[in-house]
Every structure is written in structure tokens, then in C-alpha cells.
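Student: model the following, please.
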Amino acid sequence: QVQLVESGGGLVQAGGSVRLSCAASGSIFSINEMGWYRQDPGKQREMVASVTSGGGTKYADSVKGRFAISRDNAQNTVYLQMNSLKPEDTAVYFCNAKGTFWRTSLVKILTPFDSWGQGTQVTVSS
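Tutor: Residues are numbered from 1 along each chain as shown. Got it, this is the predicted structure:
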């Protein structure tokens, strides 16, 4: 399978900045899209930002102009630079990746994957 490991996050004051990283590993053939989602307790997980292998990006309206997503295709890594943080940005942030990997059985089979990281807490104090 494909594993995602996140780093970054923590406690930051309002107006501050944080950078999240997420590295994918495994028998990866290709990663079509990588993204960041966030979730508050009792709320649905929401998309924050995503980036395709070609560099196309999408952002939630609430973070446009403040957050920037980027990826290093060679390292299978995605970053989220979060600036001008607000208390309402407080959440657990999850990395997601979609693509294909080599599943080894009797033979190698190209198999789609949709993997999630374990989540990293970002807390913005007012």
C-alpha cells in the first residue's frame, strides 16, 4: 500500500504561519493528486487545498490568499504553507493522495490508491 507521513503543525498565535509537510512512500507508480483536508471535532472533514501532478491547484474559499499548496513530484511530497492564521483554522489537518501503485501478488498489478495520513493538529490561539 501507500503510506503518508505528515509533519509540522503545533500551536501558533493568530497572524502567525505554519508549514505542513506530507511524504508518500510505497511502491508508487504515480500520484495524480495530493491535498490537505481538515476536521474539527463534531464537524465533517473539509478540503483545504489540493494540487495535481501538473501543478493545478484548488483552495477552499476560506483559505484563499492565505494558504499555498505545493508539491515535489520527485520526492512524492506535498506542502501546505499557512499564513495569516486565524483561530478558526484550528483543526486536525490530514494529508491525502490519490494515484496508482504496484500491488504485488503472484505478479505486479497496477492498482489505484486513495490514502490518508494520520493527521496533525494545528491550534491557533487568539
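Student: helix, strand or coil: sort out the residue of the chain most remote from its centre for me.
Tutor: Distance from the centre of the chain peaks at residue 106, with 32.6 Å (C-alpha atoms, centre = their mean). At residue 106, secondary structure determined by DSSP: H, G, I helix; E, B strand; the rest coil is coil.
Student: for it, phi and psi?
Tutor: Residue 106 adopts backbone torsions of phi -70, psi -30, taken as degrees, to the nearest 10.
Student: please report how far it lies from residue 66.
Tutor: 50 Å (C-beta to C-beta, to the nearest Å). Yep, even glycine has a C-beta here, placed from its N, CA and C like the rest.
Student: what are the ranges of the strands in the chain?
Tutor: With DSSP state E, the ranges of strands along the chain come out as 2-7, 10-13, 18-26, 28-39, 46-52, 57-59, 67-72, 77-82, 91-104, 108-116, 120-125.
Student: from those strands, which stretch is densest packed?
Tutor: A comparison of the strands of the chain by mean neighbour count, using mean count of other C-beta atoms under 10 Å, puts strand 77-82 on top with a mean of 22.
Student: hang on, residue 76 packs against residue 30?
Tutor: No - the pair residue 76 / residue 30 is not scored as a contact, 9.8 Å apart, by C-beta atoms under 8 Å.
Student: please state the offset of stretch 51-60 from the chain centre?
Tutor: Its chain's C-alpha centre and that of stretch 51-60 lie 11 Å apart, by C-alpha atoms, centre = their mean, to the nearest Å.
Student: who's in contact with it?
Tutor: With contact meaning C-beta atoms under 8 Å, 6 or more residues apart in numbering, stretch 51-60 is reached by 30-35, 46-50, 67, 69-71, 73, 78.
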